[in-house]
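Asks: Here is my input; please provide its structure:
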Amino acid sequence: MAFKNDSLELKTQTGFLISSCFEQLQKKDRIALMPFLMAGDPSLKITAELLLRLQDCGVDMIELGVPYSDPLADGPVIQEAASRALKSGTTINGILEMLTALKGKLSIPIILFTYSNPLLNRGMDTFCATAADAGVSGLVVPDLPLEEAERLSVLALEKRIELVLLVAPTTPKERMTRISSRSKGFTYLVSVTGVTGERSVMEDRVGHLVKELKQLSSKPVAVGFGISGPKQVRQVREWGADGAIVGSALVKRIANSSPGREVDEAILFCRELLEEVN
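Replies: Next comes the predicted model:
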């Protein structure tokens, strides 16, 4: 599972939390557990508590979704979470203010999962500057064309934010090579064709894609979309991936919790997942 970052810029600078986190995990011979939360579901207050408690629980990075009204990459569970968050009044400003208030308390990388429209409305440079001030370490923008992503990546790196790019099972090899070489922090391997959501079984071809990406680049590979429990985390680790991203299963667990139990239920689930990362 040995890897180094391909980017000369990342090699010669320090302080990129995502890359540093993967380097430390390599030394421990374990993969990263990367839970996904929808900011503001059920409230930003609970989201803030979840971030701190999950960090204390031992997760390695957290992907934080920005609720959006037209989430093309998201399945029904994440869409419903985004809808609840928007109805509760969650905004990007509120999310960044919440993260700013947690600076000094959060030490693990926080990766914002957002769509291009909110980002472009603010302006890429302004968005990156504000996110960096709030302590954001990474960005995932699934609907941003690769050419635009390359421009955003330069702006993000100036603010010490790593822009993570996605590879799907249907991505042609030439484009896969281009994406993996330009992604920062790690390459995000989407395990299914389609939207996010739990899957009881992960296809064997995902294992082949992990190996292929490892041959194309020495950058870490994290698998997401479809990981529903400890069994899938173990499978991802056995395939040689460097991280497991768990979204819909955790979001559903939180949504189905009794009021006041959301954080405790999330912790219980993530502890089960953490048993499979070594």
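
Asks: Please report the confidence value the model assigns to residue 243.
Replies: As predicted, residue 243 sits at a pLDDT of 98.

Asks: Who is it paired with across the strands?
Replies: Note on residue 243: beta-bridge partners by DSSP bridges are residue 32, residue 222.

Asks: For it, give me its contacts.
Replies: If a contact means CB atoms under 8 Å, 6 or more residues apart in numbering, then residue 243 has 22, 31-34, 60-61, 186, 220-223, 236 as its contacts. (Each C-beta comes from the backbone N, C-alpha and C, glycine too.)

Asks: let's see it at 6 Å
Replies: 31-32, 34, 222 (CB atoms under 6 Å, 6 or more residues apart in numbering).

Asks: Highest neighbour count among the residues you listed?
Replies: residue 31 (29 neighbours; other CB atoms under 10 Å).

Asks: For that one, give its distance to residue 273.
Replies: From residue 31 across to residue 273, the span is 11 Å (CB to CB, to the nearest Å).

Asks: if we can go back for a sec, for the contacts of residue 243, give me TSV that also has pLDDT.
Replies: Formatted as TSV, the contacts of residue 243 follow (pLDDT from 0 to 100):
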residue	pLDDT
31	98
32	98
34	98
222	98
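
Asks: Tell me which two in those residues are the farthest apart.
Replies: 31 and 34 (9.3 Å; CB to CB).

Asks: confidence score at residue 4?
Replies: You'll see residue 4 listed with a pLDDT of 38.

Asks: So, low pLDDT: which residues of the stretch 151-278 of the chain?
Replies: Regions of the stretch 151-278 of the chain meeting the criterion pLDDT under 70 cover residues 193-203.

Asks: contacting residues around the host helix or strand of residue 35?
Replies: For residue 35, the host element (DSSP states H and E) is strand 32-38. Outside strand 32-38, the residues that touch it by CB under 6 Å, 6+ apart are 25, 50, 59-65, 81-82, 85, 243, 245-247, 250-251, 270, 273-274, 277.

Asks: what's the spacing between that strand and its chain's center?
Replies: 6 Å (CA atoms, centre = their mean, to the nearest Å).

Asks: Could you export stretch 229-242 as CSV, CA atoms only?
Replies: Taking Å, rounded to 0.1, in the frame of the first residue of the first chain, the C-alpha atoms of stretch 229-242 are listed here in CSV:
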residue,chain,number,x,y,z
GLY,A,229,-21.0,-1.6,6.5
PRO,A,230,-17.9,-3.3,7.9
LYS,A,231,-17.9,-6.0,5.3
GLN,A,232,-17.5,-3.5,2.5
VAL,A,233,-14.8,-1.6,4.4
ARG,A,234,-12.9,-4.9,4.8
GLN,A,235,-13.3,-5.7,1.1
VAL,A,236,-12.0,-2.3,0.1
ARG,A,237,-8.9,-2.8,2.3
GLU,A,238,-8.3,-6.2,0.8
TRP,A,239,-8.4,-4.8,-2.7
GLY,A,240,-5.5,-2.5,-1.8
ALA,A,241,-7.4,0.8,-1.5
ASP,A,242,-6.1,3.5,0.9
